[in-house]
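> One predicted model, sequence on top.
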Amino acid sequence: MNKTANKKFVGHPRGLFTLFFTEFWERFSYYGMRAILLFYMYYEISDGGLGLDIATATSIMAIYGSLIYMSGILGGWIADRILGPSKTIFYGGTLIMLGHTVLAIPVYGLTTLFVSLALIVTGTGLLKPTVSAVVGDLYSKEDYLRDSGFNIFYTGINLGALSAPLIVGTLGQQYNFHLGFSVAAVGMLIGLVTYVLTKRKFMGSIGDTAPNPLTPKEKKRSYRILGISITAILIIGGIVITTGSLTIGGFTILVSTLAIIIPIIYFTVMYRSPKTNKKEKSNLIAYIPLFIAAVVFFGILEQGSIILAQFADQRTNLQFSGFNLQSSWFQSLGALFIVIFAPIFAWMWLKLRNNQPSTMRKFSIGLFLAGFSFLVMMLPGLIGGTEMLASPLWLVFSFLLVSLGELFISPIGLSATTKLAPAAFASQTMSLWFLANAAGQGINAQIVRLFRPETEVIYFGTIGVISLIFGVIILLIAPMIQRKMND
Ligand code: PHE
């Protein structure tokens, strides 16, 4: 082996190894925890849970998920303007690990839960958009390996998401939830250690400095805004807590509202910025329908760990050909299908070259698949009634459909975001894309509570049909939007 070959990780810059494993373990901890979190919240106290009612538990799942991706705006900004990516990733990972550790301690109660979630939300906001952006920094803009690098990275995400429910889920459900949470904490610790040990060697100085540091004047202004915001939050928080008006329901409404308002503000700021030129404004308008489609898609995708998890736990026959299944294991299915099909899709797009469907068409197909993933879930209730336990194969089929949809939307949407976002906002494209997911989950927080055995069929049916309608709209406006993107 010659010297250059030594310097590679599967033919890529060795830094990809560091980022791949850091993100693998971060996702392992996130999805492992999420695979048992819902059950932990609504299981009876005698079964080791918190005994919350299901509607509250599902709403918390959704606001937690929404905040996880909303916090990326702050995290991305801190990496870009203050700390630089390297430190941001490290601090983020540390907070995530602490968050899981808090839940690992067998102290029951909502306060512990919320402290843990707040730490993980802050940590993920720092780590996730930053680590993804640094993948891009490993390559030049023209490097033909760039796309393939992102594909490998996305596989890392999904390998983490695939293995975690099997390990954390099994320990959490068969032994003790807190044991499960502690394995999530250990996962993040392994990720942090890998990061610290290999970063310098494999990535050199990449990520050491803030790419776009604050000028002294901006610094003053930012710190002032930060100070005012923190004071405002403390005062308002203090008032609502002491008067007892801070309820989970109220907080849920707040998060849902923010999840919708923040992207609107973001688009307005980008559109009106003097740094955005005419061509970029046209691109931005073209991007809006894609963004809305992504909101609908991610809303459905993310219900996999809420509604489909609840279905797995309460409505599914877990005795399957002599096996005793755990309801958390179903959370591995989506990632499993992504890992299987991602290479096939990559190959297909390469093969089709100029004959591949346009970005808009791909989004439309993604929405159709997501819609059908919910429509099939009407069938067990329609055929067998909602009293009888359903075959686990329904869930397998549903996850297959939505995962195929993800492959039509997730990689394509990210790439469209980087192309259509104005150059002055380039460092924030990752966070912008995450906001689509945050908005989808913000909307979820309001609707997941409607799911009950009595509403099951109509719930899946309505959301499924809404997704199909959006798919049709995207298809109809595709020629117009595609023209806006191209010229
Ligand atoms: N599985 C993806 C991930 O964990 C889901 C996702 C897509 C999240 C897009 C945010 C934005 O990264």
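Right, received. Where do you want to start?

> so how far is stretch 27-43 off the chain centroid?
Relative to its parent chain, stretch 27-43 has a centroid offset of 14 Å by C-alpha atoms, centre = their mean, to the nearest Å.

> And for stretch 226-242?
That offset, for stretch 226-242, works out to 28 Å (C-alpha atoms, centre = their mean).

> Pull out the buried residues from that stretch.
Residues of stretch 226-242 classed as buried by neighbour count (16 or more other C-beta atoms under 10 Å): none. C-beta here means a position set from N, CA and C on the backbone, and glycine is covered the same way.

> Does anything pack onto the helix or strand hosting S66? Which helices or strands?
For S66, the host element (DSSP states H and E) is helix 54-70. Packing partners of helix 54-70 (3 or more C-beta pairs under 8 Å, 6 or more residues apart in numbering; DSSP states H and E): helix 15-42, helix 110-137, helix 248-272, helix 307-314, helix 429-447.

> Pull out the buried residues from the shortest one.
Going back to what we said before, that points to helix 307-314. So for helix 307-314, counting by 16+ other C-beta under 10 Å, buried means 307-313.

> G75: which of those is nearest?
For the buried residues of helix 307-314, the minimum distance to G75 (C-beta to C-beta) is 26.7 Å, reached by A309.

> Skip the chain neighbours and tell me the closest residue to whatever residue of the stretch 151-300 of the chain ends up closest to the ligand.
At 4.8 Å from the ligand, I157 is the closest residue in the stretch 151-300 of the chain, using C-beta to the nearest ligand atom. In space, and not counting its chain neighbours, I157 is closest to R27: 4.9 Å by C-beta to C-beta, 6 or more residues apart in numbering.

> Next, count neighbours for L117.
By the measure other C-beta atoms under 10 Å, the count of residues near L117 is 20.

> Next up, the contacts around it.
Applying C-beta atoms under 8 Å, 6 or more residues apart in numbering, we find L117 in contact with 60, 64, 67, 99.

> Can you give me the buried ones in the top helix by length along the chain?
For the chain, the helix with the greatest residue count under DSSP state H is helix 456-486. By 16+ other C-beta under 10 Å, the buried positions in helix 456-486 come out as 456-457, 459-461, 463-464, 466-468, 470-471, 474-475, 478, 481, 484-485.

> can you check stretch 372-390 too?
Quick answer for stretch 372-390 (16+ other C-beta under 10 Å): 372-378, 380-381, 386, 390.

> just for the stretch 201-350 of the chain, where's the confidence low?
Within the stretch 201-350 of the chain, no range satisfies pLDDT under 70.

> What ranges does it have for its helices?
Assigned by DSSP state H, counting those that start in this stretch, the stretch 201-350 of the chain shows helices spanning 216-242, 248-272, 278-302, 307-314, 331-352.

> what's the most buried one of those helices?
Greatest average neighbour count among these goes to helix 307-314 (a mean of 23), per mean count of other C-beta atoms under 10 Å.

> From the contact counts, what lies against it?
helix 15-42, helix 54-70, helix 393-420.

> Contact partners for whichever residue of the stretch 351-487 of the chain sits closest to the ligand?
Here the residue of the stretch 351-487 of the chain nearest the ligand is N437; by C-beta to the nearest ligand atom that distance is 4.1 Å. Applying C-beta under 8 Å, 6+ apart, one finds that N437 lies in contact with 65, 69, 294, 298, 302.

> let's see it at 6 Å
69, 298 (C-beta atoms under 6 Å, 6 or more residues apart in numbering).

> By mean pLDDT, show me the worst of the helices and strands packed on helix 307-314.
Per-stretch mean pLDDT for those is lowest at helix 393-420 (a mean of 93).

> in it, what counts as buried?
394-395, 397-414, 416-418, 420.

> That helix: how far from the chain's middle?
Mean-position distance between helix 393-420 and its chain equals 12 Å (C-alpha atoms, centre = their mean).

> And for stretch 14-23?
Its chain's C-alpha centre and that of stretch 14-23 lie 19 Å apart, by C-alpha atoms, centre = their mean.

> Would you agree Y139 falls within a strand?
No. Counting by DSSP: H, G, I helix; E, B strand; the rest coil, Y139 falls outside a strand, being coil.

> one step back: want to throw the contacts of L117 into JSON lines with neighbour count and distance to N354?
Listed next are those as JSON lines, based on neighbours: other C-beta atoms under 10 Å; distance: C-beta to C-beta, whole Å:
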{"residue": "I60", "neighbour count": "26", "distance to N354": "47"}
{"residue": "Y64", "neighbour count": "22", "distance to N354": "42"}
{"residue": "L67", "neighbour count": "24", "distance to N354": "41"}
{"residue": "G99", "neighbour count": "27", "distance to N354": "46"}
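
> ok, and the closest non-adjacent residue to A104?
Nearest residue to A104 in three dimensions, chain neighbours excluded: S182, at 3.5 Å (C-beta to C-beta, 6+ apart).

> how many neighbours does that neighbour have?
Using other C-beta under 10 Å, S182 has 20 other residues around it.

> Give me the neighbour count for T198.
T198 has 18 neighbouring residues, counting by other C-beta under 10 Å.

> shouldn't it be in contact with L16?
No. If you go by C-beta atoms under 6 Å, T198 and L16 don't touch, sitting 10.9 Å apart.

> before we move on, back to that, does the following helix or strand past the helix holding S66 reach the ligand?
Remark: after helix 54-70, the chain's next helix or strand is helix 72-78, criterion DSSP H and E. No. Contact of helix 72-78 with the ligand (C-beta under 6 Å from any ligand atom) is absent, the minimum separation being 8.4 Å.

> So for helix 72-78, what gets flagged as buried?
Neighbour-count burial for helix 72-78, counted by 16+ other C-beta under 10 Å, picks out 72-73, 75-78.

> Residues contacting that helix, please?
88, 125-126, 129, 428, 431, 434.

> Next secondary structure after it?
Criterion used, DSSP H and E; the element after helix 72-78 is helix 85-104.

> Tell me the residues of the stretch 251-400 of the chain that contact the ligand?
On the criterion C-beta under 6 Å from any ligand atom, the ligand has no neighbours in the stretch 251-400 of the chain.

> Give me the contact list for stretch 185-198.
The contact list for stretch 185-198 (C-beta under 6 Å, 6+ apart) reads 18, 21-22, 25-26, 28-29, 93, 96-97, 100-101, 104.

> restrict the residues you listed to contacts with the ligand.
Okay, of the contacts of stretch 185-198, nothing touches the ligand (C-beta under 6 Å from any ligand atom).

> Pull up the residues of the stretch 1-150 of the chain that are close to the ligand.
Residues of the stretch 1-150 of the chain lying near the ligand (C-beta under 6 Å from any ligand atom): 27, 69.

> low-confidence ranges in the stretch 1-150 of the chain?
Scanning the stretch 1-150 of the chain for pLDDT under 70 picks out the ranges 1-7.

> do that again at 90, thanks
The stretch 1-150 of the chain contains residues with pLDDT under 90 at 1-11, 106-111, 133, 136-137, 139-150.

> sorry, back to before: redo the helices of the stretch 201-350 of the chain as CSV? Include distance to K362.
Converted to CSV, those look like this (distance: least, C-beta to C-beta, whole Å):
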stretch, distance to K362
helix 216-242, 38
helix 248-272, 21
helix 278-302, 10
helix 307-314, 24
helix 331-352, 9
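
> if we can go back for a sec, wait, which of the helices and strands packed on helix 307-314 is closest to V121?
Comparison of the helices and strands packed on helix 307-314 against V121 by C-beta to C-beta identifies helix 54-70 as nearest, at 4.6 Å.

> and that closest one, which residues are buried?
Residues 54, 56-70 are the ones in helix 54-70 that count as buried (16+ other C-beta under 10 Å).
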